[in-house]
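Asker: Turn this into a model:
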Amino acid sequence: MASPPPPPKLPIPGRRNILITSALPYVNNVPHLGNIIGCVLSADVFARYCRLRGYNAIYICGTDEYGTATETKALEEKCSPKEICDKYHVIHDEVYKWFDIKFDKFGRTSAPEQTEVCQAIFHKLMENKWLTENTMQQPIGLWRGNVRQKAVTMKQQGVINVKTAANC
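Answerer: Numbers count the residues shown, from 1 in each chain. Presented below is the predicted three-dimensional model:
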């Protein structure tokens, strides 16, 4: 039988409470040393320092499962974006555990809790009129390797919306 999850880590009045996070890694590859050094290691070192100082610190991170990187990898591996996310989230988790990165929570941007929190923040910002809606045209620069052809393929499959291949 699996052990129950640990209780949530909450702010403690009168103590120094620190929330630590790092850039969320995309789920389009197996993390390598550069990803670890440039993304999660410095936050892990800071979290360890805070804990040694007796601060109430929580280090949260997770895989970023939204965006073109995920969709492109799914096309490359001939599967759905969800299958890519499921596969690479597990791989990321295993690699970080192997490197002894100590997250208090390693989640996913597709988790229902994440969606709920993000939507609540968005709605609060809208209520307070801190957001504005705007439309702008931006150039699409997909010239590296065969990424341009992938963008054309994604357009044909209806995954992304670009005017024409010439605009890529």
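
Asker: same for the longest strand seen in the chain, what does it pack against?
Answerer: When the chain is parsed with DSSP state E, its longest strand is strand 56-63. If contacts are counted by 3 or more CB pairs under 8 Å, 6 or more residues apart in numbering; DSSP states H and E, strand 56-63 sits against strand 17-21, helix 41-52, helix 81-98, strand 105-108. From N, CA and C alone the C-beta is placed, and that goes for glycine too.

Asker: How many neighbouring residues does Ala111 have?
Answerer: Residues lying near Ala111 (other CB atoms under 10 Å) number 13.

Asker: Quick check: the gap between it and Asp64.
Answerer: 12 Å (CB to CB, to the nearest Å).

Asker: same thing with Val40?
Answerer: Counting by CB to CB - Val40 and Asp64 are separated by 12 Å.

Asker: which neighbours do those two share?
Answerer: Pro25 (CB atoms under 8 Å, 6 or more residues apart in numbering).

Asker: Quick one: residues contacting the residue nearest the centre of the chain.
Answerer: In the chain, the residue lying closest to the centroid (CA atoms, centre = their mean) is Asp64, at 2.0 Å. Applying CB under 8 Å, 6+ apart to Asp64 gives the contacts 24-27, 109.
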